[in-house]
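Visitor: need a 3D model of the following:
(chains A and B)
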Amino acid sequence: MAKDPISQMEDIVVSLKPILAKSKKQLDFKSVEDSLDKIKHRETNILVCGEFKRGKSSFINAFLEQELCPVDTNIATAAVSIIKYGEKVRITRQFGDLSNLQSEELHSLEQITQYAKGKAEDIDNTVLLEIEVPNQKLKSGIVLIDTPGVGGLDPRHAFLTNYFLPKADITLFITDKDSPMTSTEIEFFAKKIAPYSRQCAVIVNKADLFKSEEEQKKWVADVQNKCKNEKAIPKVIPISAMLKLEFLKTKDAEDLKDSNFDLIEKEINSLSENFKKGLLLELKNYILSLLDEVHKPIITQIEQIRVPDHELIEKLEVEVKGYDQQRQKLSDPNSEYRINLASIINQAKNGVELRLQEESILLSANKLQLLACSPNARANHNWLTQEINNAVGSIASELDLMIDTAFEQVMFIVGSDKESTAFTSRFDYKIKVNLTPSEKSLGSIAHNAVKHSLPAMGVTMLVGGIASILTGGLSLIPSILGIGSALAYITKNAKDSAKSSDTAFFVNQLNPQIQIAMRHLSSYIGSRFADFNQQLISILQESVQRVIDNKSSVIGSLTKLKAESVQQQQLKSKLLSEELKPVENLMAVTKLFLSNPFE
Amino acid sequence: MEATLIGENPIQQQYNDTCAIKSQQIILQEFGIPVSEDQLVQWSHDHGLYNGGGTNPEDVGTLLNQANIPTSVNSHGTIFDLTDELAQGHKVIVGVDSGELWAKDQGVWAELKEWWEDFSGHEMPDHALIVTSIDNSNPNDPKVLVTDPGSGEVRHYPLEQFMDAWKDSGHYMVSTEVSPAEFTSTQVQHNQPSLHLSDIAGANYNDFQLFHDMSNALPPTDVWDSSTNHDHPVSSLMDAYLQYGHDTISLDDLSQFEFYSHLDPTTFANNFSDTFHDNYNHLSQNYHGELSDMQNSVAQIHDPAVLSDYFNHQAINFDGLGHSDLADFFHQQVHYTDMCHDLGIDPLNTYTTQFDHFNNMDMNHDLSVDCLNTDVSQFNHL
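Guide: Down below sits the predicted model:
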């Protein structure tokens, strides 16, 4: 029987070893081996997200066939649960300040309820529960990430979801039959899931409530219509977690069939397989590029012996000279190449900063106002500061998500598997302010800005711009709003809409602090782009150098060949042909891997 | 398409006439191509290769070619051709008469068999399957392991039973020209980076090559009169090979076998000439100095007996130096030279022809540069 794709790739890698060793490419082989190792041990992270009360936790329980996540319709999930396979039950709780989490081990599954649901203070500031269970559904390496609802006010929830979104390999967005998709859900799907998820599907829970198949079909079509984007129409799967859980009690096969969980399991397996296949295909292309580097010099020499091109060495030397000039241009910050690159990166940065301005306005006005009104704010002054810090963290994580995705795409274009920089030094500025009200400040004017939807300048132009610069289209510079125009949106209408003097005081105290935090965030964005610029240049320099080295090595072989007699050349040709056999066999076999011309 | 759906089993054909398609699907999957039988059936239907009536023998392999797997067809293969393809890790589909294989099977397959017989007539090749390997561990009971999409089984058949079934297609075989990475990786892991197995049924690959070359110098199998009591020449050669592999006979004993009287020495010498050429080229990657020396030395030898001694000396010499591949190569020349002596042909012709061929390419090549310059005069006086 045919082996699974990972084992087949292992065979390719083993066969590659002597070929690369012969060409003194042991370092490249090591990196191939490392990549395969990463893929082999890579878990598939499935993020389950959606609005409150759509049944995310029930869905997970039904999928796992184990009542792991507490289900209480009145209390919302507030902490993120990461559920993975383990030989025995092990639960770790992470809690406290997001920038400095503490952790402790819990002793029983029952304690999950205590820490997963409720307000931050009720769950003792639990942020994360890492749950390992000996559940067969997870044994293949599936990791489920249960997240808090998306539409709530609690900035911590948004922060957590934003933080985990880019870690998802598969995103399952849970909606239900109880209510048509809300604008918040549609917006969340369009802004957070569609652009960033690698694989995704929309689940319609409570499908048992559909009165007819007709109604279900119509509903699915409607959800599809709301979630479609220029990239794709997502898969929409109606399920009933309730019926699946019912089946576990009654063993009534009809319940299982109607729950549609067989389909969802198939879909999860297929999404998971697709995800791993994607990683394997990237590795396949990398291996082919390495084999090509071995193959080309041999073929060039054989061809040169067969039909000598007396100008070939000169032609190659001209090419090397061209690449060398390119390398020099890359090193010169004043070169047109670098200026264009910087310009494109700068424009992308402007796009992110515009988004920052937008979020800043929303925070200074709407969110701050709402949080300041909360009884919690008066009861506990630290609470409000912490919530605002969480909100700032949430904005930072959102911007990181935009930047990371764009960087990842650019890295893909330049063929680098290196992760972009600054992963270790994330934004961690914290507001510190004394919010004990004084008599003087009471009745101060609160600020209220109009909620404004700025054109959300994504960073897609970064990808397009760099793609064009790499292919020589230097003139393509997308026009973009300047950062200055964004300032126009920062309109702080001095309307006193504070419901209490305390609220006004809080707003007044915190607003300047938020502005300072936003400046720090802006500078953080600047440094991330600067780092990226530097990293991109060095990757480009490395790849140009690699081309130069490869071509120079061919020139060396050809020059040597030129000095040899016709007879020696003939002998050489035979030797090279023999050397070529295993290379061509492996190239042919590698090209076949995961190809399917019959689809 | 009015085919009947049979059932689900990863190696079993889903329809009663898609054996060739299923065999190709199994091979495609071994090459890492995740294709389903239905996709192939649909594609074959769309391209006029399948219309609910099986696959024509000449179209077996088309699906592999479509996926960029090159294939070669041998419409009169021998067991040695088959073994050689398997030894190189190639995947092989053969045409057989399913009745010969399934005759002993009853029950669910009776209906299927009947359908086939109705469709194609008796004693006809009506089925395609994959030959996975040949198990020669017991020289008295060699077995062929097949992956049979018809029965959905991977099972052994006695060589004789398999040969009977294969005979009905005229020994038709389609082989891939590349081997899946699984084969090359196993070779690399066993520190044998060559593109074929080093040992076949107890004999090394070089000795197998000699037998393979002999097999193609025997009369075509389909003109052999099986009504006589004589042993089939290829079967007789196979017997000889298995006994040789198990050290029960030496090459000197070959003349006792039935096949020997049917062997065409000139064809054998021509076949071996190609084998020598390939081996010489392959080894010249690592030993071109040593081989150039061989060429020089052979040019100075005029007596086949001396030639054999020279080859033997070199074989022992390189064995002592730890160059087992080169030693095996020289052993092969010893065996060939000795066989030529028995068959009454001059082995020097083979070498002279090949070296002339090389020299035409390497005209006036100054071999002294990389030659060991062995003094061959000692052999001329032996």
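Visitor: separation between A:S523 and A:K30?
Guide: Note on A:S523: its distance to A:K30, by C-beta to C-beta, to the nearest Å, is 38 Å. The C-beta positions use only the backbone N, C-alpha and C, and glycine is treated the same way.
Visitor: immediately after the helix or strand harbouring A:H295, which helix or strand?
Guide: Per DSSP states H and E: A:H295 is located in helix A:261-306. Proceeding N to C from helix A:261-306, the next assigned helix or strand is helix A:312-331, under DSSP H and E.
Visitor: and the contacts of that following helix?
Guide: By C-beta atoms under 8 Å, 6 or more residues apart in numbering or on different chains, the list of residues contacting helix A:312-331 from outside reads A:300, A:304, A:309, A:335-338, A:537, A:540-541, A:544-545, A:547-548, A:551-552, A:554-555, A:558-559, A:562.
Visitor: next one: that helix to chain centre, how far?
Guide: Taking the mean of its C-alpha atoms, helix A:312-331 sits 37 Å from the chain's own mean (C-alpha atoms, centre = their mean, to the nearest Å).
Visitor: now list the buried members of the contacts of helix A:312-331.
Guide: With neighbours counted by 16 or more other C-beta atoms under 10 Å in any protein chain shown, the contacts of helix A:312-331 contain buried members at A:300, A:304, A:337-338, A:537, A:540, A:544, A:547-548, A:551, A:554-555, A:558.
Visitor: what pLDDT is listed against residue 151?
Guide: The chain I'm using is chain A. As predicted, A:G151 sits at a pLDDT of 65.
Visitor: actually it's chain B I care about, not the one you picked
Guide: The model reports B:S151 with a pLDDT of 89.
Visitor: before we move on, what about B:V131?
Guide: The model's pLDDT for B:V131 equals 96.
Visitor: kindly report the same for A:D549.
Guide: So, for A:D549, pLDDT stands at 90.
Visitor: could you do A:L399 as well?
Guide: 85.
Visitor: for the residue in the stretch 201-350 of chain A that chain B sits nearest to, which non-adjacent residue is closest in space?
Guide: Going by C-beta to the nearest C-beta, chain B is nearest to A:K277 of the stretch 201-350 of chain A, at 8.2 Å. Nearest non-adjacent residue to A:K277, counting by C-beta to C-beta, 6 or more residues apart in numbering or on different chains: A:L594, 6.0 Å away.
Visitor: so what's residue 188 up against?
Guide: Assuming you mean chain A. Residues in contact with A:F188, defined by C-beta under 8 Å, 6+ apart, are A:49, A:51, A:150-151, A:173.
Visitor: wrong one, chain B
Guide: With contacts defined as C-beta under 8 Å, 6+ apart, B:V188 is in contact with A:14-15, A:17-18.
Visitor: any chance of TSV for the residues you listed, columns pLDDT?
Guide: Formatted as TSV, these follow (pLDDT from 0 to 100):
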residue	pLDDT
A:V14	96
A:S15	95
A:K17	95
A:P18	93
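Visitor: which ones among these map onto strands?
Guide: Among the contacts of B:V188, none falls in strands (DSSP state E).
Visitor: show me which of those neighbour chain B.
Guide: Contacts with chain B within the contacts of B:V188, counted by C-beta under 8 Å from any C-beta of the partner chain: A:14-15, A:17-18.
Visitor: from those residues, which is closest to A:K139?
Guide: A:K139 lies nearest to A:V14 out of the ones next to chain B among the contacts of B:V188, by C-beta to C-beta, at 26.3 Å.
Visitor: next up, the contacts around the closest one.
Guide: B:181, B:184-185, B:188-189.
Visitor: quick one: the closest residue to B:Q314 other than its chain neighbours from A:A372, how far?
Guide: Nearest non-adjacent residue to B:Q314, counting by C-beta to C-beta, 6+ apart: B:F330, 4.4 Å away. Plainly put, B:F330 is 93 Å away from A:A372 if you go by C-beta to C-beta.
Visitor: looking at these two, which one has more neighbours?
Guide: A:A372 (26 against 23; other C-beta atoms under 10 Å in any protein chain shown).
Visitor: which element is the more buried one on?
Guide: Using DSSP H and E, A:A372 sits within helix A:368-373.
Visitor: list the buried residues of that helix.
Guide: A:368-369, A:371-373.
Visitor: ok, the one residue sitting closest to the centre of chain A - contacts?
Guide: Taking C-alpha atoms, centre = their mean as the criterion, A:P166 is the residue nearest the geometric centre of chain A, at 3.2 Å. Listed by C-beta under 8 Å, 6+ apart, the contact partners of A:P166 are A:196, A:400-401, A:404-405.
Visitor: switch to 7 Å and redo it
Guide: The contact partners of A:P166, by C-beta atoms under 7 Å, 6 or more residues apart in numbering or on different chains, come to A:196, A:401, A:404.
Visitor: quick one: average pLDDT of stretch A:166-182?
Guide: Stretch A:166-182 comes out at a mean pLDDT of 87.
Visitor: what about that stretch, distance to the chain center?
Guide: Using C-alpha atoms, centre = their mean, the offset of stretch A:166-182 from its chain centre is 17 Å.
Visitor: ditto for stretch A:371-378
Guide: 34 Å.
Visitor: again with stretch A:29-44
Guide: With C-alpha atoms, centre = their mean, you get 19 Å for stretch A:29-44.
Visitor: hmm, that stretch in reach of chain B?
Guide: No - Stretch A:29-44 stays clear of chain B (C-beta under 7 Å from any C-beta of the partner chain), getting no nearer than 12.1 Å.
Visitor: and that stretch, which residues are buried?
Guide: For stretch A:29-44, using 16+ other C-beta under 10 Å, the buried residues are A:29, A:32, A:35-36, A:39, A:44.
Visitor: mind checking how far A:W219 is from A:M242?
Guide: In terms of C-beta to C-beta, A:W219 sits 17 Å off from A:M242.
Visitor: so what pLDDT did residue 266 get?
Guide: Answering for chain A, as no chain was given. On pLDDT, A:K266 comes in at 89.
Visitor: my question was about chain B, not that one.
Guide: At B:T266, pLDDT is 94.
Visitor: once you drop chain neighbours, what's closest to it?
Guide: B:I345 (7.2 Å).
Visitor: look up how far B:D356 lies from the one you found.
Guide: In terms of C-beta to C-beta, B:I345 sits 18 Å off from B:D356.
Visitor: which one of those two has more residues nearby?
Guide: Using other C-beta under 10 Å, the more surrounded residue of B:I345 and B:D356 is B:I345, with 16 against 9.
Visitor: narrow the buried residues of stretch A:29-44 to those in strands?
Guide: Judged by DSSP E, strands contain the following of those: A:T44.
Visitor: kindly reformat the buried residues of stretch A:29-44 as a markdown table containing distance to B:L159 and pLDDT.
Guide: Output for these, formatted as a markdown table (distance: C-beta to C-beta, whole Å; pLDDT from 0 to 100):
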| residue | distance to B:L159 | pLDDT |
| --- | --- | --- |
| A:F29 | 42 | 96 |
| A:V32 | 42 | 95 |
| A:S35 | 45 | 92 |
| A:L36 | 40 | 94 |
| A:I39 | 43 | 90 |
| A:T44 | 47 | 88 |
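Visitor: kindly reformat the buried residues of stretch A:29-44 as JSON lines containing distance to A:V80.
Guide: Compiled in JSON lines, the buried residues of stretch A:29-44 are given as follows (distance: C-beta to C-beta, whole Å):
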{"residue": "A:F29", "distance to A:V80": "39"}
{"residue": "A:V32", "distance to A:V80": "35"}
{"residue": "A:S35", "distance to A:V80": "29"}
{"residue": "A:L36", "distance to A:V80": "30"}
{"residue": "A:I39", "distance to A:V80": "25"}
{"residue": "A:T44", "distance to A:V80": "17"}
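Visitor: my read: B:T184 touches A:S15, true?
Guide: Yes - using C-beta atoms under 7 Å, B:T184 is in contact with A:S15, at 4.0 Å.
Visitor: give me the helices and strands touching the helix holding A:A372, please.
Guide: On a contact count with 3 or more C-beta pairs under 7 Å, 6 or more residues apart in numbering or on different chains; DSSP states H and E, helix A:368-373 meets helix A:381-413, helix A:501-563.
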